[in-house]
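> I need the structure of the sequence given here:
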Amino acid sequence: MKLAPLMLVASTLMAAEAVPDWVLQAAGRTAPVYPAKVSRVVLLAEEHVTIGPEGRQVMHERGAIRILQKGGGDLVAYRPYNAKSGRIASFQGWLLPPSAKPTIFAKNAIADQAAAPEYTYCEERVQSLNPGNNLEPGSVFAWEVVEEEKAGFTFDDYAFQEELPVLVSRFVLSLPAGWEVRGTMLNHDRMEPQIEGSTYTWELRDLPWIEPEERSPGFHAVAPRLGVNYFPAGGGRPDLRPLKDWRGVSEWLSELADPSAEVTDSIRRKATELIAGAASEMEKIRAIGGFVQKTNYVEVAINLGHGGGFTPRRAEDSLATNYGDCKDKATLMRALLKAAGIESYLLLIDANDREYVRPEWPAPQFDHAIIAIRVSPGTNLPAAIEHERLGRLLIFDPTDWSTPVGDVRLGEQGSHALVLAGGRGELVTVPLLAPELSRVESRAEAKLEATGRLSAHVSRTYYGQSACRIRAIMSHERKDEIKRTFERSLSASLGGVALDRIEPSDRFEEGRLEVSLDFSLVQFGRSMQGRMLVVSPGLLALGTGYALPAKERKLPVKLPARARKDSVALAVPPGLKVDELPDPVRIESPYGWYRASWKVEGDKVLFEHSMEVKDTLAPASEYTKIKKFLEEIASSQAAPVVLLKP
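Below you'll find the predicted structure:
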């Protein structure tokens, strides 16, 4: 099933000709009644892959969707293909309105464009068909695509569903006689295929709508998927590698990747220059890592049909041109480290989603390459792991310019990743760092006037990955735009805020970033009858809570870890005294903890709190408990202090 919202030129319709029986059969299916939010239903999604004896693939896709109501964005059928190793042999489409004759799309209605136009060069292209906007409810849009490709891959994957409900979804695999096949169901009970000769069929029916929900995993983590491995029996084809386990995947991809990390004279000279004056192993790694982080990121996708997606450019070429994509930058760093006497390995990972790579399916499920550096046993950094055969490995992403050596990018923490070390390679788990290492600390000094006007000075320190988020804002925005970003954040909890000054200071090598800011607020708190002022000092700690809607939950709940430690000193104006303080708060939960206290010192109300929300992936049945825990934190932070005139 290939659907995506793409903006394309309007299609030209021809007069109706014969509509295939499979389209009429799909259009005749009766669908259940869905909630009003559901604008479409997938009547049929089918992918039939035929493998020839020489490994050539023919992919035959069929799809049909019924429009239930207007809206829901553009409806586009599309098919990516490799322009160098394959082609789209045919692409047809039909539209069956409920109150008019069926129409067939002309060949010139099919658009053909680069799959990733932002890349410097990419062999992958995409053909697509847009049936038009505002289709009449009851209309059925159907399409059929045949793609041919010569590829050296012996694996495939199929998503039975995205978010739309599906009546029939199937994956069919036809193999040469004597080939082996292994299917792995993901997010679904084990299912054996229907077998007819050497054709294998996996089919699911009546898949319900998956409603998107806040703080939930992606659809790939909840919707049924299939991973398939197939290969000639006996392994008699060296060009078609059987991927029976993760070691086999490592062996295959290592052969593609390792030659590019060759140490040449230019690599050796650059490494010598970079580590000049570096006394220790870590100093050498930081010097080389910092250089590669500054190497320009440019995506070049070539030779994709023969492992090009996992084959880096030669390190010497990346050094000479000062650019490369993730695998090129990681390979350049490997070569420079090798020249400095430090061994390392390419590490394949999903860039942003730890739920994507599944250990039970040995196949290249990755979209990003980083590096695992072999370090001394005594190296004790959060980003280091111990490997039984390879020793102590330090995980580092040279593409991520905002994360220093020793830290791990938040999107990669806890992910499964493949170490490419030939026959010794295997799947490892990237460290999930303690929330404390990415904490935010702040101290606010605020002065309150009897009218309710407030002026405040805040010093905030962002550690680890929390610093990376602010660092990214600073790199892409001008200072006045950064100021507006903080003003919006402050105003969300305090009302209309005027930010008078903001000064960031980056301590990159130390893994932290400091921000100093001054702001004012016309009205802080509520004045009652001219004698009482009710204020919430905890609101000056800024942005510690999560918001979850009150509704029945169906999907798992996903919370990223968060740690905070804040203090607020609020100067009480002359003529007012503290009449009432909240009691200390102590909250314990399986999902984290919270502490808060209020006290008076001289003319100031002092508020202090600390909190930790654990990295959480919990079933929907725990949603109410998680929501209650987060609401208790928000309520405690907003607890009122009562000031009275004597």
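
> got the residue ranges for the helices in the stretch 451-600 of the chain?
For the stretch 451-600 of the chain, helices defined by DSSP state H, counting those that start in this stretch occupy the ranges 464-476, 479-494.

> Could you list the domains of this structure?
Structural domains of the chain, as assigned by automatic domain parsing, span the residue ranges 13-235, 246-433, 436-644.

> okay, those, which one's buried deepest?
For the domains of the chain, average neighbour numbers computed from mean count of other CB atoms under 10 Å are highest in domain 246-433, which has a mean of 20. Quick note: C-beta positions are derived from backbone N, CA and C, even for glycine.

> So for the chain, the centremost residue is which one?
The chain has Asn352 as the residue nearest its centroid, 3.0 Å off, counting by CA atoms, centre = their mean.

> isn't that one right up against Gly411?
Yes - checked against CB atoms under 8 Å, the pair Asn352 and Gly411 is within contact range at 3.9 Å.

> just checking, next helix/strand downstream of the helix or strand of the chain with the lowest mean pLDDT?
Taking mean pLDDT, DSSP states H and E as the measure, the helix or strand of the chain with the lowest value is strand 13-14, at a mean of 40. Towards the C-terminus, the helix or strand next in line after strand 13-14, according to DSSP states H and E, is helix 21-27.

> want to throw the helices of the stretch 451-600 of the chain into a markdown table with distance to Asn380 and mean pLDDT?
Converted to a markdown table, the helices of the stretch 451-600 of the chain look like this (distance: least, CB to CB, whole Å; pLDDT from 0 to 100):
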| stretch | distance to Asn380 | mean pLDDT |
| --- | --- | --- |
| helix 464-476 | 16 | 84 |
| helix 479-494 | 35 | 81 |
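
> TSV for those helices, including distance to Glu441?
As requested, the helices of the stretch 451-600 of the chain are exported to TSV (distance: least, CB to CB, whole Å):
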stretch	distance to Glu441
helix 464-476	10
helix 479-494	17
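
> which one of those helices lies closest to Val298?
The closest approach between Val298 and any of the helices of the stretch 451-600 of the chain, judged by CB to CB, belongs to helix 464-476 at 17.5 Å.

> Run the angle between that closest one and helix 479-494 for me.
Relative orientation of helix 464-476 versus helix 479-494 (axes from the mean of the first three to the mean of the last three CA atoms, to 10 degrees): 130 degrees.

> Helix 464-476: how far from the chain's middle?
How far helix 464-476 lies from its chain's middle: 17 Å, per CA atoms, centre = their mean, to the nearest Å.

> One more: stretch 165-179?
For stretch 165-179 - counting by CA atoms, centre = their mean - the centre lies 29 Å from the chain centre.

> Please tell me how far Tyr345 sits from Lys244.
According to CB to CB, to the nearest Å, Tyr345 stands 21 Å off from Lys244.

> Likewise for Leu630?
Summarising the geometry, the distance separating Leu630 from Lys244, computed by CB to CB, is 45 Å.

> Next: Val298.
Summarising the geometry, the distance separating Val298 from Lys244, computed by CB to CB, is 36 Å.

> Over to Pro435?
With CB to CB as the criterion, Pro435 and Lys244 are 39 Å apart.

> who has more neighbours, the two?
Taking other CB atoms under 10 Å, Pro435 and Lys244 do not tie; Pro435 has more neighbours (21 against 15).

> For stretch 398-407, give me every contacting residue.
The set of residues that contact stretch 398-407 without belonging to it, under CB atoms under 8 Å, 6 or more residues apart in numbering, is 282, 285-286, 289-290, 292-295, 297, 325-326, 329-330, 332-333, 368, 370-371, 381-383, 394, 396-397, 409, 433, 437, 464-465, 467-468, 471-472, 475, 508-509, 511.

> Can you check the pLDDT for Leu548?
According to the model's per-residue confidence, Leu548 sits at a pLDDT of 85.

> Now do the same contact list for it.
Applying CB under 8 Å, 6+ apart, the residues contacting Leu548 are 214-215, 623, 626-627, 630.

> Narrow those residues to those in helices?
Counted as lying in helices by DSSP state H, out of the contacts of Leu548, are 623, 626-627, 630.

> which one of those residues sits closest to Ser536?
Ser536 lies nearest to Leu630 out of those, by CB to CB, at 17.3 Å.

> Just list the residues touching the nearest residue to the closest one once chain neighbours are set aside, thanks.
Of all residues beyond its chain neighbours, the one nearest Leu630 is Tyr546 (4.8 Å), with distances taken as CB to CB, 6 or more residues apart in numbering. By CB under 8 Å, 6+ apart, Tyr546 lies in contact with 215, 559, 613, 630.

> How about Ala547?
The contact partners of Ala547, by CB under 8 Å, 6+ apart, come to 214, 630.

> Look up how far Val535 lies from it.
Ala547 is 22 Å from Val535, where distance means CB to CB.

> Also Leu347?
For Leu347, the distance to Val535 equals 51 Å [CB to CB].

> Helices of the chain, residue ranges please.
Under DSSP H, the chain gives helices at 21-27, 246-257, 265-274, 281-294, 315-321, 326-339, 464-476, 479-494, 623-637.

> Output the contacting helices and strands for the fifth one.
Under the contact criterion of 3 or more CB pairs under 8 Å, 6 or more residues apart in numbering; DSSP states H and E, the helices and strands touching helix 315-321 comprise helix 265-274, helix 326-339.

> Serialize those to CSV and add fields for distance to Gly530 and mean pLDDT.
Formatted as CSV, the helices and strands packed on helix 315-321 follow (distance: least, CB to CB, whole Å; pLDDT from 0 to 100):
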stretch, distance to Gly530, mean pLDDT
helix 265-274, 69, 97
helix 326-339, 63, 97
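
> With distance to Ala27 as extra columns, can I get those helices in JSON lines?
Listed next are the helices and strands packed on helix 315-321 as JSON lines, based on distance: least, CB to CB, whole Å:
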{"stretch": "helix 265-274", "distance to Ala27": "61"}
{"stretch": "helix 326-339", "distance to Ala27": "44"}
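
> so which of those helices gets nearest Trp593?
Nearest to Trp593, of the helices and strands packed on helix 315-321 and by CB to CB, is helix 326-339 at 37.1 Å.

> Could you list the low-pLDDT ranges of the stretch 201-350 of the chain?
Regions of the stretch 201-350 of the chain meeting the criterion pLDDT under 70 cover residues 234-239, 300-309.

> can we see that at 80?
Low-confidence segments of the stretch 201-350 of the chain, defined by pLDDT under 80, span residues 233-241, 299-310.

> What residues does the closest residue to Ser90 other than its chain neighbours make contact with?
Ranked by CB to CB, 6+ apart and with sequence neighbours excluded, the top spatial neighbour of Ser90 is Val146, at 4.7 Å. Val146 is in contact with 58-61, 88-91, counting by CB under 8 Å, 6+ apart.

> Now do the strands in the stretch 101-250 of the chain.
Shown for the stretch 101-250 of the chain, the strands assigned by DSSP state E, counting those that start in this stretch span residues 103-105, 111-114, 121-122, 124-129, 140-150, 155-159, 166-174, 179-186, 194-196, 199-207, 225-232.

> Tell me which residues touch the residue nearest to the centre of the chain, please.
411-412.

> Phi, psi for it please.
When quoted as degrees, to the nearest 10, the phi and psi of Asn352 stand at phi -140, psi 0.

> start the count at 5, not 1, going forward
Renumbered: residue one is now 5, and that last one reads Asn356.

> and it, how far is that from Pro594?
Using CB to CB, Asn356 is found at 26 Å from Pro594.

> Please apply the same query to Leu546.
In this view, Leu546 and Pro594 are 26 Å apart by CB to CB.

> Also Thr54?
Distance, Thr54 to Pro594, using CB to CB: 50 Å.

> Strands of the stretch 505-650 of the chain, start to end?
Secondary structure of the stretch 505-650 of the chain (DSSP E, counting those that start in this stretch): strands located at 516-525, 530-532, 536-539, 561-563, 566-575, 581-584, 589-593, 596-605, 608-617, 620-622, 645-648.

> Ok, which of these comes nearest Asn138?
With CB to CB as the criterion, Asn138 lies closest to strand 561-563 of those, at 35.3 Å.

> Could you name the helices and strands sitting against the closest one?
Of the remaining helices and strands, those touching strand 561-563 by 3+ CB pairs under 8 Å, 6+ apart are strand 620-622, helix 627-641.

> That concludes my questions; thank you for your assistance.
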